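In: what shape does this take:
(one chain, ligands or ions: 1)
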Amino acid sequence: MSIKWFKKKTLQSIPTRTTILTPVTPQPIQTRLLTLPHPEQQKNLSQSMTNVNIGEVFHAWYDSYNVPIESRSYFRNTIVVELNDKIPYPAGTWEAAGIRHLQVRPEWCNAGVLAHEQAHCSYALLTEVEKLLFETAYNRVQLDPYIVLLHGVNTYMNQTDRLGRHVEGHAELYRYIGLEKLPETLKQFYPKTL
Ligand SMILES: [Zn+2]
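Out: Now for the predicted structure:
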């Protein structure tokens, strides 16, 4: 066949498509179809100083947040972790004499609260420069659908430290969004949890 005939034939055989353009109203980011990968876990008043198995809670955290096997000993053994029903808040973590401490009230001892506190321990491993870089990266991802969704139900993440750094935002992102849905640019700021 001649090239001319072939071209003509081929063009003729291409089915034509009718596109009906309907006016589209711009929609806001569709966060309503999303759900937080790690929803809120409420306190459990049946948990007490004597019946909470903190080792089991650690394993629940390891499994649900995919904590790397090589980091588990650091979080479980290098950090001094204790139940304490005298503290006036669900949980807390701090450093004293070079040793990291984590305390949690028994009714709040669950994988999500542990994730939040261990995110603080991870943050503590960042250098001061890395903490500043986290602020820039954090501000740049505020329109991420999961972060928009979390902001809609969570105000605690807006609390900053005395230097205005988003330490609670850092911890809440890990707790509720987890590393699987965390924006890629933030993952470098969660040492040992990756
Ligand atoms: Zn916190």
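
In: and after the helix or strand bottoming out on mean pLDDT in the chain, which helix or strand comes next?
Out: Least confident helix or strand of the chain, by mean pLDDT, DSSP states H and E, is helix 3-13 with a mean of 47. Per DSSP states H and E, helix 3-13 leads on to helix 54-65 as the next helix or strand towards the C-terminus.

In: could you export the next helix or strand after that following helix as CSV, CA atoms only?
Out: Once the chain leaves helix 54-65, the next helix or strand it forms, by DSSP H and E, is helix 69-73. Only the C-alpha atoms of helix 69-73 are listed here, as CSV (Å, rounded to 0.1, in the frame of the first residue of the first chain):
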residue,chain,number,x,y,z
ILE,A,69,14.1,-4.1,64.8
GLU,A,70,17.6,-2.5,65.3
SER,A,71,16.2,0.5,67.1
ARG,A,72,13.9,-1.3,69.5
SER,A,73,16.5,-2.0,72.2
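
In: other residues contacting helix 69-73?
Out: Applying Cβ atoms under 8 Å, 6 or more residues apart in numbering, the contact partners of helix 69-73 are 58, 62, 192-193. In short, each C-beta sits where N, CA and C put it, glycine included.

In: buried sites along that helix?
Out: Buried residues in helix 69-73, counted by 16 or more other Cβ atoms under 10 Å: residue 71.
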